[in-house]
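In: the sequence isn't on hand, but the structure is:
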């Protein structure tokens, strides 16, 4: 049976852990508010870009562009968005499990994994999957310059025909305690559904010039939106996990305090019995 000193030491240890998890919960909540604002700002812009592409694609039917090119799939790239740090529950485990399941469906060597976030890289670096360029150490923040670099690298990878298709796997933010794992085809850009020419457009400059500017911007918007969704989901998952950890620590402290009080009462009772027994023995 643990002594009173051991129980006190454990109570102090759990109290220190509770302070840490509470602080991490508050930090995650502050970051979540900012990340949620970015998601709410990015979604309308991405929707408008989609509508513009749909409208122009209908007006310029038959236009060919390298980013629309559909090829026989020999090699595919998977851009996996995970976090750089842990302590966010099953957030990373769910993403890694989904990515592993996807790449196991065919030849692992036919995939090129592109990790965005350290946890995904740490998991797959010792496994038989080819790993391409890595984008780590985001510190939970959306860096627009690095988003441009990722988009540029992915476009070049596809246009050099090193891969024939590019997928992105990320979490779509739903609420503070909920997210949805989402797999989307990034390249080639799929022609928008239901495109039809409702108006006649006069392109100035040419339609090809307009698409050469619009499609890279559209690709940049998709990467930026996916990363914003992933970061908001990560902060929400971490806040929820730290909230549960703080609650569990509080319950453990209550249990240990009750155990300490019982042990202390038992020790006092034992001492009183010894005193009474000694007094009786002296009579």
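Out: Yes, it's here. From a predicted model like this one, the values you see are computed outputs, not experimental measurements. Residues are numbered from 1 along each chain as shown.

In: can you map out the helices along the stretch 51-200 of the chain?
Out: Applying DSSP state H, counting those that start in this stretch to the stretch 51-200 of the chain gives helices spanning 91-104, 118-124, 144-159.

In: which of these is buried the deepest?
Out: helix 118-124 (a mean of 21; mean count of other CB atoms under 10 Å). To be clear about C-beta, it is placed using only N, CA and C from the backbone, and glycine gets the same treatment.

In: who are the packing partners of that one?
Out: If contacts are counted by 3 or more CB pairs under 8 Å, 6 or more residues apart in numbering; DSSP states H and E, helix 118-124 sits against strand 76-81, helix 91-104, strand 111-116.

In: and the longest one, what does it pack onto?
Out: Same thing as helix 91-104. strand 76-81, strand 111-116, helix 118-124, strand 165-175, strand 178-187, helix 207-282.

In: how is the protein carved up into domains?
Out: 4-24+241-282, 31-240 (automatic domain parsing).

In: centre of the chain to the shortest one, how far?
Out: In this case it means domain 4-24+241-282. 39 Å (CA atoms, centre = their mean, to the nearest Å).

In: repeat for stretch 72-89
Out: The mean C-alpha position of stretch 72-89 is separated from the chain mean by 9 Å, CA atoms, centre = their mean.

In: go through that stretch and flag the buried ones.
Out: 76, 77, 78, 79, 80, 81, 82, 83, 84, 88, 89 (16 or more other CB atoms under 10 Å).

In: for stretch 252-264, same thing?
Out: For stretch 252-264, using 16+ other CB under 10 Å, the buried residues are 252, 253, 256, 259, 260, 263.

In: and residue 208, what pLDDT?
Out: Predicted confidence (pLDDT) for residue 208: 69.

In: my bad, residue 236
Out: In this prediction residue 236 is given a pLDDT of 94.

In: cool, residue 161 as well?
Out: Reported pLDDT for residue 161: 91.

In: for residue 75, same thing?
Out: Residue 75 is given a pLDDT of 92.

In: which of the helices of the stretch 51-200 of the chain sits closest to residue 49?
Out: Nearest to residue 49 among those is helix 144-159 (13.2 Å), distances taken as CB to CB.

In: about what we covered before: in JSON lines: the helices and strands packed on helix 118-124, plus distance to residue 220.
Out: Listed next are the helices and strands packed on helix 118-124 as JSON lines, based on distance: least, CB to CB, whole Å:
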{"stretch": "strand 76-81", "distance to residue 220": "14"}
{"stretch": "helix 91-104", "distance to residue 220": "22"}
{"stretch": "strand 111-116", "distance to residue 220": "14"}
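
In: can you tell which of these is closest to residue 235?
Out: helix 91-104 (9.9 Å).

In: gap between that closest one and the chain center?
Out: 12 Å.

In: what residues does it touch?
Out: 78, 80-83, 86, 111, 113, 117, 119-120, 123-124, 129, 167, 169-171, 179, 181, 183, 233-234, 237-238 (CB atoms under 8 Å, 6 or more residues apart in numbering).

In: give the residue spans of the stretch 51-200 of the chain that score low on pLDDT.
Out: Within the stretch 51-200 of the chain, the stretches with pLDDT under 70 are 55-63, 191-200.

In: my read: residue 36 touches residue 232, true?
Out: Yes. Between residue 36 and residue 232 a contact is recorded at 5.4 Å, counting by CB atoms under 8 Å.

In: any common contacting residues for those two?
Out: residue 173.

In: thinking again about what came up before, is it possible to get CSV of the helices and strands packed on helix 91-104 that adds distance to residue 28?
Out: Converted to CSV, the helices and strands packed on helix 91-104 look like this (distance: least, CB to CB, whole Å):
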stretch, distance to residue 28
strand 76-81, 18
strand 111-116, 20
helix 118-124, 16
strand 165-175, 14
strand 178-187, 14
helix 207-282, 4
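
In: so which of these gets nearest residue 142?
Out: Closest among the helices and strands packed on helix 91-104, using CB to CB: helix 207-282, at 5.8 Å.

In: I appreciate the help and will end here.
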